[in-house]
Every structure is written in structure tokens, then in C-alpha cells.
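S.K.: Quick one, structure for this:
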Amino acid sequence: MEVKQYAEDALTVTLANEVDEAVNASLVQIKEIILNQDFKGVTDIVLSYTSLIIYFDILTADKNKIIDVLENIDLSDLSSFEPSYKVVEIPVYYGGKFGPDISRFKEKGLSEEEVIEMHSNKEYLVYMLGFMPGFPYLGGLDEKLYMARLDSPRKSIPAGSVGIGGQQTGMYPFQSPGGWNLLGRTPIPLYDKNRDQAILYEAGDRIIYRAIDEKEYYDIEEAYKNGDYQVTVELRGDSDGN
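M.R.: Numbers count the residues shown, from 1 in each chain. Reported below is the predicted structural model:
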């Protein structure tokens, strides 16, 4: 573990230089350890692929206490600790006007049906959130679905769009420019300030895409607006390591 202070109000903890599921699990556990200390002045903890940043108020936080806890963490002990995590099910209408790039996979010899089957009904690990609030960078994509970003990014991608960029899959919480290959769209708002949790997932959680048809898309969209649709979220793991 390497602890560095690159900014006056932040500590960066780096565990590796390669993306790895075990590294992600350790970062999630370190985050939980820091949060459980209930340090005064810690304002946020943000995970990336190989590191995390602890932000703090320089007027109220004791930086040295935070560093002391970090330096006394035995990374070998973390391997036996299974943190709790959420599995969030996201319904997706694949193809058609919502997934204009799904046909690109014909270059790989894959039909639209095969792409949908390979992309849905499997768990993807949320490595980190970035680019915009609630945009998940997901690991676990089938190698056959790797697809380079578009040569010319779109000026506007609708909120809820699900796509593939290189070796990753993810989705756009807000309308935005972007160059990912669009496979489909979810009728569920990925960011909703009126929900108890504006963003349903965080680093260390899992996402499962469930394929739906066009009628289901509009039915779910309407039901959500009326408060009659509940996103399926399953809690797994044991924060006590049992």
C-alpha cells in the first residue's frame, strides 16, 4: 500500500497498477475500514481502478490519524474478509432505435440475438464511477463483445443508454456526448435525486442487465413515473467476514 498526499485536502491510497477484481475488493474494504472509524472531517472517499482518494476538511480532520490507520492495515487480512455488496438489476431494451450500434457486431460474426444473450443475465463488477455522476465502469464483459469506441463520438447520447467502450460496458445516467457503442437503453433513471439513493450502485457492487421488449420498456417507464416500479436490488456478502 502506498499513501501519498497530492493535494492539501486529500490522501491517495494506491494498491496496484493493474485492473484486478481482488484489488477492487481490497479498496472497498479499506473504504469501509476508514468509514467505520468515523473520522471527523472526512468528506468523501472515491474509488478508482487501483486506488482510492480520501477527501477531508483541512480545518477539522486529523490527517495523521487517518494515515496511521491506513499504515496499520494488514492487506493479507483483507483476503479473508468478504464485504457486503448490492446486485442491481437493470432492465434494458436492446437494439432498434435505442441500440443503433448492435449491428456492428456482425463484423465479429455475432447476430443481434447473440449479442443480447452474451451481454445480459450476467453479473458485472462496478470498478468505479466516473465521467459523470452515476456512470459505472463495469468489468466482466465477454471478450467476444470487446469493441473499440466510435471513430467519431456522438454529440448527444440519451440518458439511460447502455453501451460498450473497448473492454468495458457501462451506461449513461445523463444525456451526454460519447463514443461508446450503444446496445440499448434502460427506462430506469440511473440518477434520481428523489430516490433514497440517487445512484443505486457504487464501486464494489454488481449490475445485471435483463433484456426486455419494447412494450415492457414503456410499461416500466410509466410505472416508474407513477411510483409503481421498484428496482430489484439484492444485498449479498457479510461485512463481518462470516
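S.K.: tell me what the strand of greatest length in the chain is packed against?
M.R.: If you go by DSSP state E, the chain has its longest strand at strand 85-94. Applying 3 or more CB pairs under 8 Å, 6 or more residues apart in numbering; DSSP states H and E, we find strand 85-94 packed against helix 112-119, strand 181-185, strand 206-212, helix 214-225, strand 233-236. Backbone N, C-alpha and C define where each C-beta goes, glycine included.
S.K.: So which of these is nearest Gly139?
M.R.: Nearest to Gly139, of all the helices and strands packed on strand 85-94, is strand 206-212, at 10.0 Å by CB to CB.
S.K.: so who does Asp196 touch?
M.R.: With contact set as CB atoms under 8 Å, 6 or more residues apart in numbering, Asp196 has no partners.
S.K.: So, low pLDDT: which residues of this structure?
M.R.: In the predicted model, the chain carries pLDDT under 70 at residues 79-81, 238-242.
S.K.: Show me the strands in it, by range?
M.R.: Using DSSP E, the strands found in the chain span residues 2-7, 10-14, 42-47, 51-56, 85-94, 123-129, 136-139, 154-157, 161-165, 168-171, 176-178, 181-185, 206-212, 233-236.
S.K.: for those strands, which one ends up most surrounded?
M.R.: Burial of the strands of the chain is given as mean neighbour count (mean count of other CB atoms under 10 Å); strand 181-185 ranks first at a mean of 26.
S.K.: Report the inter-axis angle for it versus strand 206-212.
M.R.: Angle of strand 181-185 versus strand 206-212, following axes from the mean of the first three to the mean of the last three CA atoms, to 10 degrees, is 70 degrees.
S.K.: Centroid-wise, who is the farthest residue in this protein?
M.R.: Leu59 (31.8 Å; CA atoms, centre = their mean).
S.K.: ok, and the closest non-adjacent residue to that one?
M.R.: Once flanking residues are discounted, Leu59 sits nearest to Gly41: 7.5 Å by CB to CB, 6 or more residues apart in numbering.
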